[in-house]
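A.B. asks: pasting the sequence and the predicted coordinates here, then a few questions.
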Amino acid sequence: MHNFSTDQTNRHRRYILIGILTAVIYLGAIELFGPILGLSLGVISTILYLLFTKYLWKWDLLHDHGLVAVPDLNGTWKGYLYTSADEELIPEDQIVTTGQQIDGLTKQETSIDIDQTWDKILVTLDGPESPSYSRAATILVKEKAWPTLSYNYWNEGSQTNEDLDPHYGSAILEYDEEEDKLEGKYYNRPDQRGTHGILELYRKN
């Protein structure tokens, strides 16, 4: 996993709050039980930090009161990838011909897995022919009607398709909370692959 940036206002104040809670817990414990051997401010703050970054930030109560605006995107997302790659270079059994089609793009099944904490994230795309992994990411919560996940990724290329070489790319996906959907565009570096397309994904768990 790697860090991600966000435009949520005063994000750093959550760490100040952890520091205040650490002091309150520590002083309260001393008041009740006297000096506590082996229990330091560092231990308490570490426990609170781990609890918040892994679990507490997901609580609906914190989101409902505006204390946390970054959406919880954890899970497996499945759907379709619409690519500008030449259809003749794509194995026939990977092309989806049913449902919505987009002119000029070839439809394929795909999925991504997102592992996320309060300050770290990893986006793994299980492409039809090769996987890709995020290297850097940003989650914007104020710019548009829906939060936006933007990330840069590295694709390892395909061992079976000689036309699919390793390459870098980027994706910009909008999160629709009502439909629990991620949708947006992706682009591959022009000097490496030069393709682009659309991702349409729904959370499955």
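C.D. replies: Cool, got the structure. Residues are numbered from 1 along each chain as shown.

A.B. asks: return the per-residue confidence for Glu178.
C.D. replies: Listed pLDDT for Glu178 reads 93.

A.B. asks: any idea how many residues pack against it?
C.D. replies: Applying other Cβ atoms under 10 Å, we find 6 residues neighbouring Glu178. The way it works is simple: take the backbone N, C-alpha and C, and place the C-beta from them, glycine included.

A.B. asks: with Tyr55 instead?
C.D. replies: 11.

A.B. asks: state the pLDDT value of Ala29.
C.D. replies: 64.

A.B. asks: least trustworthy helix or strand in the protein by mean pLDDT?
C.D. replies: The weakest-scoring helix or strand in the chain, judged by mean pLDDT, DSSP states H and E, is helix 13-33 (a mean of 65).

A.B. asks: that one: what's the following helix or strand?
C.D. replies: helix 41-54 (DSSP states H and E).

A.B. asks: elements contacting that following helix?
C.D. replies: helix 13-33 (3 or more Cβ pairs under 8 Å, 6 or more residues apart in numbering; DSSP states H and E).

A.B. asks: tell me which element the closest residue to Leu73 other than its chain neighbours falls in.
C.D. replies: Leaving out its chain neighbours, the residue that sits closest to Leu73 by Cβ to Cβ, 6 or more residues apart in numbering is Ile114, at 4.7 Å. With secondary structure defined by DSSP H and E, Ile114 is part of strand 106-116.
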